[in-house]
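In: I'd like to go over a predicted model; first the sequence, then the structure.
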Amino acid sequence: MLSLIIEPSELIENLNLEGLLIVDLSKREVFDKVHIPGAVHVEPSEIINGTPPAPGKLPELSRLETLFARIGYSPDKHLVVYDDEGGGWAGRFIWTLDLISHKKTSYLNGGIHAWLAEDAPVTSEPTQVQASEVNLTLSNQFTANIDDVLASIDQDDVRIWDARSAAEHSGERRFSARGGHIPGAINLDWLETMDRAASFRIRKDIKAVLSDLGLTPDKKIITHCQTHHRSGLTYLIGKSLGYDIRAYPGSWSEWGNHPDTPVETL
């Protein structure tokens, strides 16, 4: 059984594993040029709703079923997911898999960057996929909605992890009607969770970094960014560490465009 976070060497050894489904969420032009042999491409737009003011919410169930049928999904397969940006979209896809209660998932640490750095096999040939019949059921177990976040503000056992930039967190940069952050939210930019010198792998000291900020295993964590794209990676990190973590897909696009949600600035 492959673990949640795997290195290129481990995937190389298991490329012919029966029931393996490799999912690539890189930009289309990257996938067309280079991808892991056998990988199927998923456009990030296929796993979000795309409707303002909160485009990062889940698409309709029927859209997800169409997507999963197209890539040949079945519940017994082991899905290995990667992208070309260090894990945001890959983490978002793994969160989606958690919502349909899929049990066998892995993230290729560093994505295509780490894969290329290891001189691992690649191709530009399109992957032929046999579509499957899919019937999905969604769970709310790993999702926080706006009411959940509001209720958590005064709960000592809950911490909100804001994965946006420091400038967004402070209110200096604004991509919604209002800028700032959810009261009490802890800011750690998703870019600070990866080691770009190590081909965009997750930092080896990430648990200590989180602990220093008060994002500890004894707390319930809710993570968000602007649209639950960047926080796809922070959700994945929390999951890999065994944290009780949920994602807020409405994220700041919903919170910052709502007229009545509480906002703090620095």
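Out: Nice, thanks for sending it over.

In: Tell me which residues touch the closest residue to Ser74 other than its chain neighbours, please.
Out: The spatially closest residue to Ser74, leaving aside those adjacent along the chain, is Ser132, at 5.5 Å (C-beta to C-beta, 6 or more residues apart in numbering). For the C-beta atoms, the positions are set from N, CA and C on the backbone; glycine is no exception. By C-beta atoms under 8 Å, 6 or more residues apart in numbering, the contact set of Ser132 is Phe68, Ala69, Gly72, Tyr73, Ser74.

In: Just the buried ones from those residues?
Out: Buried members of the contacts of Ser132, counted by 16 or more other C-beta atoms under 10 Å: Phe68, Ala69, Gly72, Tyr73.

In: Work out the gap between the helix or strand where the first one lies and the centre of the chain.
Out: This means Phe68. Phe68 is part of helix 61-70 when elements are defined by DSSP states H and E. Taking the mean of its C-alpha atoms, helix 61-70 sits 18 Å from the chain's own mean (C-alpha atoms, centre = their mean, to the nearest Å).

In: Can you convert the contacts of Ser132 into TSV and add a column each for distance to His181 and pLDDT?
Out: Listed next are these as TSV, based on distance: C-beta to C-beta, whole Å; pLDDT from 0 to 100:
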residue	distance to His181	pLDDT
Phe68	34	98
Ala69	39	98
Gly72	41	98
Tyr73	36	98
Ser74	41	97
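
In: farthest pair in these?
Out: Within those, Ala69 and Ser74 form the most distant pair, 9.9 Å apart (C-beta to C-beta).

In: overlap in contacts of the two?
Out: With C-beta under 8 Å, 6+ apart, Ala69 and Ser74 have common neighbours Ser132, Val134.

In: And the helices in this structure, which stretches?
Out: Remark: helices assigned in the chain by DSSP state H are 8-13, 28-33, 61-70, 88-99, 111-117, 146-152, 166-170, 206-213, 230-240, 251-255.

In: any chance of the ones you listed in CSV, with distance to Pro262 too?
Out: Shown next, in CSV, are those (distance: least, C-beta to C-beta, whole Å):
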stretch, distance to Pro262
helix 8-13, 44
helix 28-33, 39
helix 61-70, 32
helix 88-99, 26
helix 111-117, 36
helix 146-152, 8
helix 166-170, 15
helix 206-213, 21
helix 230-240, 20
helix 251-255, 9
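
In: And those: which comes nearest Asp189?
Out: Here helix 166-170 is closest among the helices of the chain (C-beta to C-beta), at 6.4 Å.
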